[in-house]
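Trainee: Next input, structure requested:
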Amino acid sequence: MKGEQGFALIEVLISVAVLSIIAVCFLSSLSTASMATLTTDERETAKNLAETQMEYVKGLGYATSYTSASIPPEYSTYNATIGVEPLHEDGKIQKITVTITHQGIAVMHLENFKVK
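Mentor: Residues are numbered from 1 along each chain as shown. As a prediction, the model looks like this:
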């Protein structure tokens, strides 16, 4: 009995260490999952905004440049830029490029064509 008195303390310390490692791993995975969810939400929002801008441009008459449609106030941290590049000598085909930025960082880039 005398030789076994220290084993209880060692067993408790080992179990606390193992539980601590498990807790750190669990919290780390929660953090990673949270960041992945935020990134996915940002990209999905940017994709929807880019598609909306592209449909807006398609609905406009043929022009050499286009201004972006208004972005809803709940997405005020997003910005849309529309670029136009003529692809044919007579200017009847354009490549329309919509770039969505979030807080100054490009998140989504969408390209399509418009014919006169």
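Trainee: List the pairing partners of the helix or strand where Ile100 lies within its sheet, with orientation.
Mentor: Element membership for Ile100 (DSSP states H and E) is strand 93-102. Here strand 93-102 is paired, per DSSP bridges, with strand 78-86 (antiparallel), strand 105-115 (antiparallel).
Trainee: so which of those strands gets nearest Ala33?
Mentor: Among those, strand 105-115 comes nearest to Ala33, with 20.1 Å by C-beta to C-beta. (C-beta placed from N, C-alpha, C; glycine too.)
Trainee: got the CA positions of that closest one in PDB?
Mentor: Taking C-alpha atoms only, strand 105-115 is exported to PDB below (Å, rounded to 0.1, in the frame of the first residue of the first chain):
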ATOM      1  CA  ILE A 105      -9.900  42.000 -51.600                       C
ATOM      2  CA  ALA A 106     -11.100  40.500 -54.900                       C
ATOM      3  CA  VAL A 107     -13.400  37.500 -54.000                       C
ATOM      4  CA  MET A 108     -15.200  36.700 -57.300                       C
ATOM      5  CA  HIS A 109     -14.400  37.200 -61.000                       C
ATOM      6  CA  LEU A 110     -17.100  36.400 -63.500                       C
ATOM      7  CA  GLU A 111     -16.800  36.700 -67.300                       C
ATOM      8  CA  ASN A 112     -19.400  36.600 -70.100                       C
ATOM      9  CA  PHE A 113     -20.000  37.900 -73.600                       C
ATOM     10  CA  LYS A 114     -22.400  40.400 -75.000                       C
ATOM     11  CA  VAL A 115     -23.300  40.700 -78.700                       C
END
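Trainee: can you give me the helices in the chain?
Mentor: 5-59 (DSSP state H).
Trainee: can you list the weak-confidence ranges in it?
Mentor: Confidence mapping of the chain against pLDDT under 70 gives the ranges 1-7.
Trainee: hmm, try it at 90
Mentor: 1-12, 60-65, 67-69, 86-93, 114-116 (pLDDT under 90).
Trainee: Could you find the closest non-adjacent residue to Ala50?
Mentor: Spatial nearest neighbour of Ala50, excluding adjacent residues (C-beta to C-beta, 6 or more residues apart in numbering): Leu110 at 4.1 Å.
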